[in-house]
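**Student:** Let me see the structure of the following:
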Amino acid sequence: MGRRPAIAIAGLACETSAFSPARTLAPAFHPRRGQEVINEYTFLHAGGPLADAAEWHGALIGHALPGGIVTRDAFEELAAEIISRLRDIVASTVLHGFWFDIHGAMVVEGLDDIEVELLRRIRSVIGPDVIVSASMDLHGNVSRDLVHETDLITCYRMAPHEDELETKERACRNLVSLLTQQSSPETGPERPLKAWIPVPILLPGEQTSTRVEPGKSLYAAVPDVEASTGIIDAAIWMGYPWADEPRNRGTVVVTGWDQETVATGAERLAGLFWGFRKDFKFVGPTDTFATCIDKALASSVHPFFISDSGDNPTAGGSGDVTWGLTQLLSRSEFKDPAAPKVIYASVPGPKAVQTMVEAGVGATVTVTAGAEVDDVHAGPITMTGRVHAIKHGDKDAVIEAVLQVGSVFAILTQLRKPYHHERDFTDLDLGPRATDIVIVKIGYLEPELFDMAADWLLALTPGGVDQDIKRLGHRRIHRPMWPFDTTFPAPPNLQTRMIPMSNEPLTGPDE
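**Tutor:** Numbers count the residues shown, from 1 in each chain. Coordinates of the predicted model:
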């Protein structure tokens, strides 16, 4: 290739719980367009490691906070704009590559395997000869069709996802390398071989963290396979358990140039994954919500963190389930303001927040919040307390307000928000390090919270991302599937399926 390759960027991402009554609309994706897309990735900034490696063209990316099913209108609106912007790019330059920045667990009303649907529409514009590299969350879902439509595909290797930016850079680096080093003026870029193996395991991320075994050892094997001569990339997807499509399951994909090496590497990882199936346990100790509070009160170390896991907004929960806060405020131990101090994050309540804003810090108010979206497990909660703090301008919550009820400091928000960082609390005049108990709607603790916690328990609470996945009612996933099924009539087929190149036809069923 005589000049730098031209590469376009687009993608939509929303980890979607099909078991939540919430719906995700187009504004939730916070779309970035044109140069805003380039600005999103530090490795593409001026002076960055890949800034001058290609001509980068941003179309549109949208990353929504995990939530309920994406409405068809929202998807069609955003997909249409992606297609329109790509048409403009193709009209102005010869496009060589495309980076598909996705999560891989989006569910849209009336459509299955939505990332494939979007990529096929994109292919209709950019053509079959453009090389596509996809980057994904390891909790995404990888169907055979998705592997077929892409030429390179990779995912995170850490949960929590501390390697998100590193993974995206790897996807782009592999793409640039293929376009510049594996390309000739006569034949164009060479397309790698792709080995795909579906693994009949579907577990929540809280049982597959790479912080602990066996996830730690499983993912440690990925770079070992990737280091083999003739391999470009190796990846393991855990899948996403809170949706219900045939593609929801574990997957291994290995790409490279030597078929035997690629197939052997894929089968090694799939065998390890299947062999570990009985060893996956929750990343930390679990118990009922009531028992978690009992243990926190009895603990001699603080802050003691409790995960209210069933309504985790970063896994797809609606965020407005009031069950946990209702249980907390019903306890006699927290009625007195001088009792052990508790922070609860959080419950949306736009009307409650507005009342607190109008009353001001220090005022005593009675407000009702929550259960506007998900009232299956508990109804709206009414509280009387003192307005402790108000903050405007948060990118997710918009407005946050803290209501002190007895010794409980409940964070109420205009819109739902995850609480992952210490500043999320300190910006609200809350000191989590000096607090007895901190209860957060989350699964495994994000790095800052994990480092801050003197002790921690994961409470098994109800909600749209219930950790007891067997009781959710899956109907469309492939069966048998671990742990829904613990006996299999025959060992699963963990042999490599070599997937045709993206410009060749794909035939046969998706096993």
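**Student:** measure residue 158 to residue 167 for me?
**Tutor:** Distance, residue 158 to residue 167, by C-beta to C-beta, to the nearest Å: 9 Å. All C-beta atoms are positioned from the backbone trio N, CA, C, and that covers glycine.
**Student:** same thing with residue 330?
**Tutor:** On the measure of C-beta to C-beta, residue 330 and residue 167 end up 43 Å apart.
**Student:** out of the two, which sits in the busier spot?
**Tutor:** In terms of neighbours (other C-beta atoms under 10 Å), residue 167 is the more surrounded of residue 330 and residue 167; the figures are 20 against 10.
**Student:** what's near enough to touch that one?
**Tutor:** By C-beta atoms under 8 Å, 6 or more residues apart in numbering, the contact set of residue 167 is 135, 154, 155, 156, 157.
**Student:** Go again with 10 Å.
**Tutor:** Counting by C-beta atoms under 10 Å, 6 or more residues apart in numbering, residue 167 touches 135, 136, 137, 138, 154, 155, 156, 157, 158, 161, 235.
**Student:** For it, give me phi and psi.
**Tutor:** Per-residue torsions, residue 167: phi -70, psi -40 (degrees, to the nearest 10).
**Student:** Same check on residue 196?
**Tutor:** Torsion angles, degrees, to the nearest 10, at residue 196: phi -130, psi 130.
**Student:** swap in residue 271?
**Tutor:** phi -60, psi -40.
**Student:** these two touch, right, it and residue 252?
**Tutor:** Yes: Residue 271 is in contact with residue 252 according to C-beta atoms under 10 Å; the separation is 9.4 Å.
**Student:** Can you spell out which residues form a bridge with the residue nearest to residue 324 when sequence neighbours are not counted?
**Tutor:** In space, and not counting its chain neighbours, residue 324 is closest to residue 308: 4.1 Å by C-beta to C-beta, 6 or more residues apart in numbering. Residues in a beta bridge with residue 308, per DSSP bridges, are residue 459.
**Student:** Contacts only, for residue 86.
**Tutor:** Taking C-beta under 10 Å, 6+ apart as the test, what residue 86 contacts is 8-10, 57, 59-60, 95, 98, 121-122, 124-126.
**Student:** What separates the first and last residues of stretch 312-322, distance-wise?
**Tutor:** The straight-line separation of the ends of stretch 312-322 (C-alpha to C-alpha, to the nearest Å) is 12 Å.
**Student:** which residues of the chain fall in helices?
**Tutor:** Taking DSSP state H as the test, the helices found in the chain are 35-39, 72-92, 114-126, 144-149, 164-181, 215-226, 259-275, 289-298, 323-329, 350-359, 422-426, 447-452.
**Student:** the inter-axis angle of the third one versus helix 72-92?
**Tutor:** Just to be clear, that refers to helix 114-126. 30 degrees (axes from the mean of the first three to the mean of the last three C-alpha atoms, to 10 degrees).
**Student:** Identify, from the contacts of residue 167, the entry nearest to residue 293.
**Tutor:** Closest to residue 293 out of those is residue 161 (29.0 Å), distances taken as C-beta to C-beta.
**Student:** Can you tell me how far the closest one is from residue 155?
**Tutor:** In terms of C-beta to C-beta, residue 161 sits 10 Å off from residue 155.
**Student:** Between those two, tell me which one has more neighbours.
**Tutor:** residue 155 (27 against 19).
**Student:** where's the more buried one relative to residue 103, distance?
**Tutor:** For residue 155, the distance to residue 103 - C-beta to C-beta - is 10 Å.
**Student:** again with residue 213
**Tutor:** For residue 213 relative to residue 103 (C-beta to C-beta), the value is 26 Å.
**Student:** Can you pick out the residue with more neighbours from the two?
**Tutor:** Higher neighbour count among residue 213 and residue 103: residue 103, with 23 against 13, using other C-beta under 10 Å.
**Student:** If I look at the more buried one, what pLDDT would I see?
**Tutor:** The pLDDT attached to residue 103 in the predicted structure is 98.
**Student:** Pretty sure it sits against residue 63.
**Tutor:** Yes: between residue 103 and residue 63 there is a contact at 7.6 Å, judged by C-beta under 10 Å.
**Student:** Overlap of the contact sets of these two?
**Tutor:** 11, 12, 13, 14, 15.
**Student:** So of these, which two are at opposite extremes in space?
**Tutor:** Taking C-beta to C-beta as the measure, the shared contacts of residue 103 and residue 63 have their most distant pair in 11 and 15, spaced 13.5 Å apart.
**Student:** tell me, what's touching the two both at once?
**Tutor:** 63, 103.
**Student:** Return the distance of residue 331 relative to residue 406.
**Tutor:** Taking C-beta to C-beta, one finds residue 331 at 9 Å from residue 406.
**Student:** The two: which has the busier surroundings?
**Tutor:** Set side by side, residue 331 and residue 406 show more neighbours around residue 406, with 20 against 16, by other C-beta under 10 Å.
**Student:** Surely residue 87 touches residue 59?
**Tutor:** Yes: taking contacts as C-beta under 10 Å, residue 87 lies within contact range of residue 59: 9.5 Å.
**Student:** Touching both of the two, which residues are there?
**Tutor:** 125, 126.
**Student:** of those two, who's got more company?
**Tutor:** Neighbour tally, residue 87 and residue 59, criterion other C-beta under 10 Å: the higher count belongs to residue 59, 25 against 13.
**Student:** Just the pLDDT for that one.
**Tutor:** 98.
**Student:** What residues does it make contact with?
**Tutor:** 8-11, 32-34, 37, 81-89, 98, 122, 125-126.
**Student:** where's it relative to residue 71, distance?
**Tutor:** 22 Å.
**Student:** Likewise for residue 299?
**Tutor:** Taken as C-beta to C-beta, the span from residue 299 to residue 71 is 44 Å.
**Student:** Same check on residue 320?
**Tutor:** On the measure of C-beta to C-beta, residue 320 and residue 71 end up 18 Å apart.
**Student:** go on, residue 264?
**Tutor:** 44 Å.
**Student:** How about residue 356?
**Tutor:** Taking C-beta to C-beta, one finds residue 356 at 31 Å from residue 71.
**Student:** Comparing those two, which shows the higher neighbour count?
**Tutor:** Set residue 356 next to residue 71 and count neighbours by other C-beta under 10 Å: residue 356 wins out with 27 against 16.
**Student:** As TSV, the shared contacts of residue 103 and residue 63 with pLDDT, distance to residue 43 and neighbour count would be great.
**Tutor:** Output for the shared contacts of residue 103 and residue 63, formatted as TSV (pLDDT from 0 to 100; distance: C-beta to C-beta, whole Å; neighbours: other C-beta atoms under 10 Å):
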residue	pLDDT	distance to residue 43	neighbour count
11	98	16	24
12	98	21	27
13	98	18	21
14	97	23	26
15	96	23	25
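**Student:** Which members of these occur in strands, if any?
**Tutor:** Using DSSP state E, the members of the shared contacts of residue 103 and residue 63 that fall within strands are 11, 12, 13.
**Student:** Return the member of those nearest to residue 290.
**Tutor:** So of these, ranked by how close each gets to residue 290 (C-beta to C-beta), first place is residue 13, at 35.8 Å.
**Student:** Quick check: bridge partners of that closest one?
**Tutor:** residue 63.
**Student:** you'd agree it is up against residue 140?
**Tutor:** Yes: Residue 13 is within contact range of residue 140, at 9.0 Å (criterion: C-beta under 10 Å).
**Student:** For the two, list the residues in contact with both.
**Tutor:** Shared contacts of residue 13 and residue 140, counting by C-beta under 10 Å, 6+ apart, come down to 102, 103, 104, 105, 106, 115.
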